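Participant: just a sequence and a predicted model for now, questions to come.
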Amino acid sequence: MKNLILTTAALALSAGMILADGHSVVRMGTEGAYPPWNFLNDDGEVAGFERELGDELCARAELTCEWVVNDWDSIIPNLVSGNYDTIIAGMSITDARDEVIDFTSNYTLPDPSSYLASSMDVDVKGGVIAAQSNTIQAAFISEMGMTLVEYPTPEETIQAVKSGEADAVLADKSFLTPFAEDDADLMFLEQEEMIGGGVGMGIRESDGELREKFNAAIASMKADGSLNALITKWEIGETF
């Protein structure tokens with residue numbers, strides 16, 4: 001199986017999905033900007049935990065898959081409109097998203113959301129908290145009545161803290177950990193939030209057959225321990 005990287009939605013439209021034993025190509029949509037979940041390597045190819053996971057799921061489901069890179073802000077609308085067939089992009093399963101698309105069973109447990117700040121004295125309730133737009137963290141900050149500032153990419157949330165535009169950023173701990181380890185001026189606050197229902201693949205509501213194929217593949221990886229091995233390798237969070 002050869003996986004191709006399609007870097008624009010326009011290119012993605014040239015491929016189509018046909019299942020019921022006559023399937024052609026399943027297009028896997030990801031952000032490519034959220035390590036260690038998904039990112040672009042030096043060759044411009046999708047890499048990370050979800051690249052390895054997605055390739056293995058496609059192999060077990062006997063599907064030929066291509067990878068499509070799409071900005072986070074439009075990742076659900078472009079799934080619904082047919083630019084690709086799945087979302088595999090560190091997307092937490094939530095009731096609000098489930099009203100628009102379907103999800104496979106979760107392939108990770110909920111990852112703690114942590115606050116990364118430039119000082120341990122930050123008061124998250126009274127401060128300005130950065131988060132990526134359209135994430136569970138942004139929704140949580142708003143629901144808690146905190147002051148939220150949103151950015152389209154995860155990297156910009158880190159820069160907001162470093163520049164003083166925000167007092168802290170709230171994001172998945174697995175994403176923030178390398179920044180805390182590499183920059184002595186950034187540190188985790190003790191407070192963590194447990195939000196979301198774990199991460200799954202987003203699927204159009206009309207594609208139940210595809211969802212069940214991936215559900216079976218996810219179940220087989222859970223059963224044989226290979227999913228836990230990938231979670232441990234990429235330091236994503238708790239194992240099953």
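Facilitator: Received it, and whenever you're ready, just let me know what you need.
Participant: state the mean pLDDT of stretch 60-70.
Facilitator: In this model, stretch 60-70 carries a mean pLDDT of 97.
Participant: could you list the domains of the chain?
Facilitator: For the chain, the domain assignment from automatic domain parsing gives the residue ranges 5-109+197-234, 113-193.
Participant: mean confidence for the last one?
Facilitator: Taken as a whole, domain 113-193 has a mean pLDDT of 97.
Participant: longest helix in the chain, please.
Facilitator: helix 208-224 (DSSP state H).
Participant: what is the helix or strand following it packed up against?
Facilitator: Scanning the chain past helix 208-224 towards its C-terminal end, the next helix or strand to appear is helix 226-234 (assignment: DSSP states H and E). For helix 226-234, the helices and strands in contact under the criterion 3 or more Cβ pairs under 8 Å, 6 or more residues apart in numbering; DSSP states H and E are helix 49-60, helix 208-224. The way it works is simple: take the backbone N, C-alpha and C, and place the C-beta from them, glycine included.
Participant: out of those helices, which is the most enclosed?
Facilitator: With neighbours defined by mean count of other Cβ atoms under 10 Å, none of the helices and strands packed on helix 226-234 is more surrounded on average than helix 49-60, at a mean of 21.
Participant: so where do the helices sit in the chain?
Facilitator: Secondary structure of the chain by DSSP H: the helices cover 9-12, 49-60, 75-80, 95-98, 136-143, 154-163, 173-182, 208-224, 226-234.
Participant: taking helix 226-234 as reference, get the angle to the longest helix of the chain.
Facilitator: For helix 208-224 against helix 226-234, the angle by axes from the mean of the first three to the mean of the last three Cα atoms, to 10 degrees is 80 degrees.
Participant: run the chain-centre distance for helix 208-224.
Facilitator: Between the mean C-alpha location of helix 208-224 and the chain-wide mean there is a distance of 18 Å, by Cα atoms, centre = their mean, to the nearest Å.
Participant: avg pLDDT for that helix?
Facilitator: On average, helix 208-224 scores 98.
Participant: what residues does that helix touch?
Facilitator: Defining contact as Cβ atoms under 8 Å, 6 or more residues apart in numbering, one finds that helix 208-224 is touched by 17, 19-20, 26, 53, 56-58, 60-61, 63, 85-86, 102-105, 107, 201, 203, 227-228, 230, 240.
Participant: of the residues you listed, just the buried ones, PyMOL syntax please.
Facilitator: Selecting the buried subset of those in PyMOL, with 16 or more other Cβ atoms under 10 Å as the burial test, is done by:
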select buried, resi 17+26+53+56+57+58+60+61+63+85+86+102+103+104+107+201+203+227+230
